[in-house]
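> when you get a sec, could you give me coordinates for this:
(one chain, ligands or ions: 1)
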Amino acid sequence: MKSYLAAAIQMTSVPDLEKNLAQAEEFIDLAVRQGAELVGLPENFSFMGEEKDKLAQGDAIAQTTETFLKKMAQRFQVTILGGGFPVPVNSTGKVYNTALLIDPNGQELARYHKAHLFDVNVPDGNTYQESSTVMAGKELPPIYFSENLGNIGLSICYDVRFPELYRHLADKEVDVVFVPAAFTAFTGKDHWQVLLQARAIENTCYVIAPAQTGTNYARRQTHGHAMIIDPWGVILADAGDKPGVAIAEIKPSRLEQVRRQMPSLQHRVF
Ligand SMILES: O=C(O)CNC(=O)[C@H](CS)NC(=O)CCC(=O)C(=O)O
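Alright, predicted model coming up:
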C-alpha cells in the first residue's frame with residue numbers, strides 16, 4: 001500500500017438523473033485535479049427523489065449510472081465508488097440499493113447491496129420506509145484487496161449504525177471503509193460524525209464518507225459533512241454543508257502507527 005489522496009464528494013442530488021450526473025462529473029474532475037486517486041460518490045448520487053419515481057425509472061437509472069461510473073473511472077484514471085443507486089431485482093418489483101467500486105480500466109472491483117434498510121419514523125415528521133421499494137442485501141459487504149490503495153471495504157449509510165458489519169470488515173484487515181450516505185438532517189446533526197468516528201476508532205481504519213447535503217426534494221433535508229477520518233478518529237477533511245469535495249491523504253504509516261499505539265483489535269475477547 002502507498003500513500004495517496006482520497007476524496008469524499010458531497011452533492012445535493014435531485015430527482016433528475018442527467019443533472020445529477022453532470023454535477024457528479026464536475027466534482028470528480030475537481031477531486032482529480034487536486035490529486036485524488038480514490039473518489040467516493042454519496043448514496044443516491046445519480047437519483048434522489050420519491051420512491052415511486054425511483055422505481056419507475058429503475059432500469060434507466062441502473063444502466064446509465066453504471067455506464068457513467070465506468071466512463072469516469074477510465075477518463076480520469078481513478079478508482080471510483082458509486083455510493084448507492086437502485087438496481088432492479090428480477091421480477092420482484094424492487095431494487096437493490098447498490099454500491100459499486102470501479103477501477104481505472106472501467107472494471108468492476110466490488111459490488112454491495114445495502115443490508116440494513118431505513119424503515120424509521122424520524123421525529124422531524126418524515127417517514128422512511130426504504131423496504132417498500134428496496135430489497136435488503138443478504139450478504140456481508142465485500143472487501144477489495146488493492147496492492148496500492150489498501151484493503152477497501154464497502155457499506156452504505158444506515159449500515160453505519162450496525163458495528164458488527166464493520167467488525168466483519170476488520171476481521172478481513174480492512175484499511176479504508178466507505179460509508180456513502182444520504183443521512184437525514186435531523187439524525188445527522190447528533191449521530192453522523194460520532195458514528196463515523198466510532199467505526200474508525202474501534203476498527204483502526206480510515207473512513208471515507210461521501211454525503212448528500214441540503215434540500216434534495218420535497219421536505220427531504222440531508223445533513224452534509226462528507227468527511228474523511230483517520231484511524232485515530234481525527235477528522236482530516238469535512239465538506240461542511242455545501243456541495244463540494246473533502247480530500248485527505250490515506251497513509252499506511254499512519255495505519256501502522258495507530259495500530260501500534262492502540263492495539264485494541266488484538267485484544268478482542270469475544
Ligand atoms: O431520503 C431519501 O430520499 C434517500 N435516503 C436514502 O436513500 C436512505 C434510505 S431511505 N437514507 C438513509 O439510509 C438515512 C439513514 C439515516 O439518516 C440515519 O441512520 O439516521
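
> tell me which residues touch the most centrally placed residue in the chain, please.
Nearest to the mean C-alpha position of the chain, by CA atoms, centre = their mean, lies Pro180 at 1.8 Å. Applying CB atoms under 8 Å, 6 or more residues apart in numbering to Pro180 gives the contacts 40-43, 45, 81, 83-84, 99, 156-157, 209-211. For glycine as for every other residue, the C-beta is placed from the backbone atoms N, C-alpha and C.

> any stretches of this structure with poor pLDDT?
Along the chain, no part satisfies pLDDT under 70.

> okay, helices next: where are they in it?
With helices called from DSSP state H, the chain shows them at 17-33, 51-56, 58-76, 163-171, 185-202, 252-261.

> switch these over to CSV; also include distance to the ligand and mean neighbour count.
Listed next are the helices of the chain as CSV, based on distance: least, CB to the nearest ligand atom, whole Å; neighbours: other CB atoms under 10 Å:
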stretch, distance to the ligand, mean neighbour count
helix 17-33, 13, 18
helix 51-56, 8, 15
helix 58-76, 13, 18
helix 163-171, 13, 17
helix 185-202, 3, 18
helix 252-261, 26, 14
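
> for these, which one sits closest to Arg268?
Closest to Arg268 of those is helix 163-171 (CB to CB; 8.8 Å).

> residues in contact with the closest one?
Residues outside helix 163-171 that contact it (CB under 8 Å, 6+ apart): 115-116, 140-141, 143, 153, 155, 159, 174, 177, 198-199, 202-205, 265.

> can you check stretch 117-135 too?
51-52, 54-55, 86, 89, 92, 94-97, 113-114, 136, 157-158, 184-187, 219-220.

> try it again at 10 Å.
Stretch 117-135 is contacted by residues 50-52, 54-55, 58, 84, 86-89, 92-98, 113-114, 116, 136-137, 156-159, 161, 182-187, 218-221 when judged by CB atoms under 10 Å, 6 or more residues apart in numbering.

> of those, buried ones?
Among these, those buried by neighbour count (16 or more other CB atoms under 10 Å) are 54-55, 58, 84, 86-88, 94-98, 113-114, 116, 137, 156-159, 182-185, 187, 220-221.

> quickly list what the closest residue to Gly188 other than its chain neighbours is bridged to.
Leaving aside its chain neighbours, Gly188 sits nearest to His223 (2.5 Å; criterion: CB to CB, 6 or more residues apart in numbering). On the basis of DSSP bridges, His223 is bridged to Thr213.

> in terms of contact, does His223 touch Leu195 like I think?
No: at 11.6 Å, His223 does not count as touching Leu195 under the criterion of CB atoms under 10 Å.

> anything in contact with each of the two?
Listed as contacting both His223 and Leu195 by CB under 10 Å, 6+ apart are Ala181, Phe183, Thr187, Gly188.

> picking that back up, from the ligand, how far out is the residue nearest to Gly188?
Distance of His223 to the ligand, given as CB to the nearest ligand atom, to the nearest Å: 7 Å.

> cool, Ile208 as well?
As defined by CB to the nearest ligand atom, Ile208 lies at a distance of 17 Å from the ligand.

> touching, that residue and Leu5? I think so.
No: with contact defined as CB under 10 Å, Ile208 does not count as touching Leu5 (11.1 Å).

> those two: which has the busier surroundings?
Neighbour tally, Ile208 and Leu5, criterion other CB atoms under 10 Å: the higher count belongs to Ile208, 29 against 18.

> among the contacts of helix 163-171, name the buried ones.
For these, burial is judged from neighbour counts taken by 16+ other CB under 10 Å, and it is met by 115-116, 140-141, 143, 153, 155, 159, 174, 177, 198-199, 202-205.

> just checking, which of those residues belong to strands?
Ile143, Gly153, Val177 (DSSP state E).
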